[in-house]
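Visitor: Turn this into a model:
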Amino acid sequence: MPSIPTGTLSSTAARVAVVAAFVAVVAVGGVAAAQMGALDGVTGSQDSALLEPVPDDVDSVAVFDGSVIESDTAERLYATGYNATVDSADETESSEANETDDGTDDETFETTSPVEMVPANLTGAFDEVENRSGLDPRAVEQVIVYSQRQANFTSPPYQGAIVEADWDKSDVVDAVSESANRTYRNTTVDGVTVYKPEAQEEEDNVTTFGPPEPDQWVAVFDEDEYVFGTEQAVADAVDVEADEAEPVDGDLRRAFDDTRDGYLRYAQSSQSVNVTRINETMGQSTGLNVTAYAEAYNDLHITSGTYYITEDGETLGTESRVLTNSTDTARDVKDLAQGFISIQAGAIQNETLETELRETDVTRDGTTVTVSRETDIETAEMLVRWYGSILSGGASNPTTGVPTGAAAAGIA
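Guide: Numbers count the residues shown, from 1 in each chain. Here you go, the predicted structure:
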């Protein structure tokens, strides 16, 4: 699935919205993503009006449904991951203490474990975000993130986020101003209130590398609808709101509309690569002729997909659709996806994850390849415990990949 552009969206308010989306994706969608391996990650959504506020000519768009962040499924998986990490970290620390204990009375220094700085539940995580920002992420109803690719390194970035949230406007402006350490003034553009940062005096004898951090702008559409982002991204959204410009359309929008309902839906157009250059660089490092792969990549058109939870909350799912420009390329994509899944499943040292990977469904319909997978919540929890133990440095059985000690007890 596409990355959520937190780098450019540096204002606190935008980050709160994106953090809400990110935590939910990690707590819920991370399981599905794990099953899909490195693959990106269905049908017939009726809500085509979702992208009406998004400017035309964007390269990618993602829509996050904020209701998932307080779902029982998200809370359950977050708690499972936290407990697995704590158990594994405690076991690791205990083992290290036993190895270094030589029976002397030398002075020891207490250190704070990184685990102790992480909230024990999802409610605590959102409370911490609210305490730091002054904005409650649980008030977020929907986030739409959109972007355009930069023409080159020096081109100004183009990224925006349209957030529906029950926030007070003054709190939003205060949060953005404090985050940017800038004073904001408001103006009206086509009947829309827009907040832009005051100009800053350039400091003498300050060396900087790379392009400067772009200014963050804010627009207020309705009482509970805000737009955050770079100047042009916000300006274009204002034009759409004022009926001075058309919303996103064409193949990207149609691909998005064809995704199934879910808490995270996305579509992104493919970017062509220089076949000769790719073969020179990757070919030299791998010893392989990657021309065919690069040419196939250039024949990709759009990738779209969904992360979802079934209505009973007992099953997680993900579906990724790759739209290509030819049937031959679609056949290649299907073969590559199936081969990649087989290789990953054969290499993974965890029987549960291997089974989940092998049950991933890869199908082709003309020029479109669909990769999909569903898993029940109990299996998802088992995988979360396993990943939690690995991320925290816990030991695992070299044959099955199942964590030993406390982490293994948690799985059992």
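
Visitor: which stretches of the stretch 1-150 of the chain have low pLDDT?
Guide: Applying pLDDT under 70 to the stretch 1-150 of the chain flags residues 1-48, 87-116.

Visitor: Angles on the backbone of Ile69, please.
Guide: Torsion angles at Ile69 (phi, psi; degrees, to the nearest 10) stand at phi -70, psi -20.

Visitor: What about it, how many residues nearby?
Guide: 25 (other CB atoms under 10 Å). All C-beta atoms are positioned from the backbone trio N, CA, C, and that covers glycine.

Visitor: now swap in Thr187 and tell me
Guide: Neighbours around Thr187, by other CB under 10 Å: 9.

Visitor: ok but it is inside a strand, no?
Guide: Yes: counting by DSSP: H, G, I helix; E, B strand; the rest coil, Thr187 falls inside a strand.

Visitor: so the nearest residue to it once chain neighbours are set aside is in which element?
Guide: Nearest non-adjacent residue to Thr187, counting by CB to CB, 6 or more residues apart in numbering: Val194, 5.5 Å away. Assessed by DSSP states H and E, Val194 sits inside strand 192-197.

Visitor: Pull out the buried positions in whichever helix or strand comes after that strand.
Guide: Downstream of strand 192-197, the first helix or strand assigned by DSSP H and E is strand 217-222. Within strand 217-222, the residues that count as buried by 16 or more other CB atoms under 10 Å are Trp217, Val218, Ala219, Val220, Phe221.

Visitor: ok, the nearest residue to Thr327 once chain neighbours are set aside - contacts?
Guide: Once flanking residues are discounted, Thr327 sits nearest to Thr367: 5.7 Å by CB to CB, 6+ apart. Thr367 makes contacts with His301, Leu323, Thr324, Asn325, Ser326, Thr327, Thr329, Ala330, as judged by CB atoms under 8 Å, 6 or more residues apart in numbering.

Visitor: Generate a ChimeraX selection restricted to the buried subset of those.
Guide: Selection of buried members from the contacts of Thr367 for ChimeraX, criterion 16+ other CB under 10 Å:
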select :301,323,324,329,330
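
Visitor: need the contacts of Thr367 in a markdown table with pLDDT, can you?
Guide: Listed next are the contacts of Thr367 as a markdown table, based on pLDDT from 0 to 100:
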| residue | pLDDT |
| --- | --- |
| His301 | 92 |
| Leu323 | 96 |
| Thr324 | 94 |
| Asn325 | 93 |
| Ser326 | 93 |
| Thr327 | 95 |
| Thr329 | 90 |
| Ala330 | 93 |
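
Visitor: Among the contacts of Thr367, which lie within strands?
Guide: His301, Leu323, Thr324 (DSSP state E).

Visitor: Strands along the protein, start to end?
Guide: For the chain, the strands defined by DSSP E occupy 60-65, 140-148, 158-165, 184-189, 192-197, 217-222, 225-229, 264-269, 300-309, 315-324, 361-365, 368-376.

Visitor: Looking at those strands, which is nearest to Val248?
Guide: Closest approach to Val248 among the strands of the chain (CB to CB): strand 60-65, 6.6 Å.

Visitor: what's the spacing between the closest one and its chain's center?
Guide: Offset of strand 60-65 from its chain centre (CA atoms, centre = their mean, to the nearest Å): 10 Å.

Visitor: excluding its backbone neighbours, what's nearest Leu353?
Guide: Leu383 is the one closest to Leu353 (CB to CB, 6+ apart), at 6.0 Å.

Visitor: burial count for that neighbour?
Guide: Counted with other CB under 10 Å, Leu383 comes out at 23.

Visitor: In this structure it contacts Glu356, no?
Guide: Yes: because the distance of 7.2 Å satisfies CB atoms under 8 Å, Leu383 is recorded as touching Glu356.

Visitor: burial measure for Glu314, as a count.
Guide: That count, for Glu314 with other CB under 10 Å as the rule, works out to 12.

Visitor: Same question for Leu77.
Guide: Neighbour count for Leu77, taken as other CB under 10 Å: 25.
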